[in-house]
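Asker: structure for this input, please:
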Amino acid sequence: MANREVSGMENIIITNKMKLIDWLRVDPMYILQHLHCKGIIKDREYQSLMSVPEPENKVIKLLDKIIGKKEITCCQFLDTLKEHDVNETYPVLQQWITTLDLPAQQDKLPQDWAAMPATSPVQLYSIHPGSPEYDEVQGLFQNTCPDNEIKKIERVQNPNLWKSFQIKKKDISDRNDRFLNERRLFHGTSHTNVGHINDHGFNRSYAGKNDAEYGNGTYFAVNASYSAADEFSKPDGEGRKLMYLCRVLTGHFTKGERGMIEPPFKDGSDIRRYDSTTNEPSDPTEFVVFHDCQAYPEYLITFLRV
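Answerer: Numbering: from 1, shown residues only. Below is the predicted model:
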């Protein structure tokens, strides 16, 4: 049988395999969880890798699984190594990975995004009042918050977060026979958290700071009025409050319970889990997601309660 042709991205991994093993074996659990969260490695692969006893062997088997997959999967793996959080966990990777010229992934950035400086990983772009984009966000907000005064609406442009969201979107779509269930939901936050969310997205490790009744994940509301409560959107000294309008991949959801650290298994399955949980499946007003890349903070709304 003829040898399979090796792709360019696959060849990078093969050529640098020993270096990658040496770097990633420091904390193989972190990269495994990160890749699983993004859907780059699937549920069965993740469970199989988690059962491998030695850190070095975990990394070897992980790289063997990545090698031989499609070109886009190898690219996604290498692109993941460029992310800020991953570089912090494996700092020795940073200098090497930033020298790689990776091709663009299949998930393009939104056409309406403004041009960004190459040195800026995230940019907040003020939306002009009266524009169709502004009116759309304002309308969704004021459906349930008609008496609150919007001071500004900013579009959050973070290419790395957007790509991670798109990878997770494809993963959920593939697992659910193209059923995706992407929703526009709200998330109230404080001024102390907004910088981290803009840079790194939502962090489920903060779960439980408020009443985590439906699981220890990140909470989103159908109605802006819920997220506008001071409990979630804490005003600063001038009374300004913050709320995100987000894109959230709710997928298949079920009733959540206190203490859940991930959604329960679907009926009749010991592998496939629900994608999110909610307060009431028949008429949901709150959703909880347990993967940080399952939601994108699309717009930041600054407002005053009148």
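
Asker: and the longest helix for the chain?
Answerer: For the chain, the helix that runs over the most residues, judged by DSSP state H, is helix 159-175.

Asker: packing partners for the helix or strand of the chain with the lowest mean pLDDT?
Answerer: The weakest-scoring helix or strand in the chain, judged by mean pLDDT, DSSP states H and E, is helix 84-89 (a mean of 74). For helix 84-89, the elements it packs on are helix 28-38, helix 91-97, helix 194-200, judged by 3 or more CB pairs under 8 Å, 6 or more residues apart in numbering; DSSP states H and E. To be clear about C-beta, it is placed using only N, CA and C from the backbone, and glycine gets the same treatment.

Asker: hey, which of those is tucked in deepest?
Answerer: helix 28-38 (a mean of 20; mean count of other CB atoms under 10 Å).

Asker: now do the buried residues in the helix or strand just after that helix.
Answerer: As assigned by DSSP states H and E, the chain's next helix or strand after helix 28-38 is helix 43-50. Residues 45-46, 49 are the ones in helix 43-50 that count as buried (16 or more other CB atoms under 10 Å).

Asker: ok, stretch 178-187 next?
Answerer: Within stretch 178-187, the residues scored as buried using 16+ other CB under 10 Å are 180-183, 185-187.

Asker: what lies in contact with that stretch?
Answerer: 140-141, 169, 172-173, 202, 218-224, 226-227, 232, 243-253, 275, 287, 295, 297-298 (CB atoms under 8 Å, 6 or more residues apart in numbering).

Asker: among those, which are in strands?
Answerer: Assigned to strands by DSSP state E, the following of those qualify: 218-221, 243-249, 253, 287, 295, 297-298.

Asker: one step back: so which of the helices and strands packed on helix 84-89 gets nearest residue 121?
Answerer: Each of those has some distance to residue 121 by CB to CB; the shortest is helix 194-200, at 7.1 Å.

Asker: could you dump the closest one to PDB, C-alpha only?
Answerer: Output of helix 194-200 as PDB, limited to C-alpha atoms (Å, rounded to 0.1, in the frame of the first residue of the first chain):
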ATOM      1  CA  VAL A 194     -14.500  43.000  32.200                       C
ATOM      2  CA  GLY A 195     -10.800  43.200  31.200                       C
ATOM      3  CA  HIS A 196     -10.300  39.400  31.700                       C
ATOM      4  CA  ILE A 197     -13.500  38.600  29.800                       C
ATOM      5  CA  ASN A 198     -12.500  40.700  26.800                       C
ATOM      6  CA  ASP A 199      -9.000  39.200  26.700                       C
ATOM      7  CA  HIS A 200      -9.700  35.500  27.600                       C
END
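
Asker: what's the span of stretch 262-279, first residue to last?
Answerer: 15 Å (CA to CA, to the nearest Å).

Asker: er, stretch 93-111 actually
Answerer: End-to-end distance (CA to CA), stretch 93-111: 32 Å.

Asker: quick one: mean pLDDT for that stretch?
Answerer: For stretch 93-111, mean pLDDT rounds to 67.

Asker: would you turn the buried residues of stretch 178-187 into a markdown table with secondary structure?
Answerer: Listed next are those as a markdown table, based on DSSP: H, G, I helix; E, B strand; the rest coil:
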| residue | secondary structure |
| --- | --- |
| 180 | coil |
| 181 | coil |
| 182 | strand |
| 183 | strand |
| 185 | strand |
| 186 | strand |
| 187 | strand |
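
Asker: contact partners for the residue lying closest to residue 145 once chain neighbours are set aside?
Answerer: Leaving aside its sequence neighbours, residue 145 sits nearest to residue 224 (CB to CB, 6 or more residues apart in numbering; 4.6 Å). By CB under 8 Å, 6+ apart, the contact list for residue 224 reads 140-145, 186, 243.
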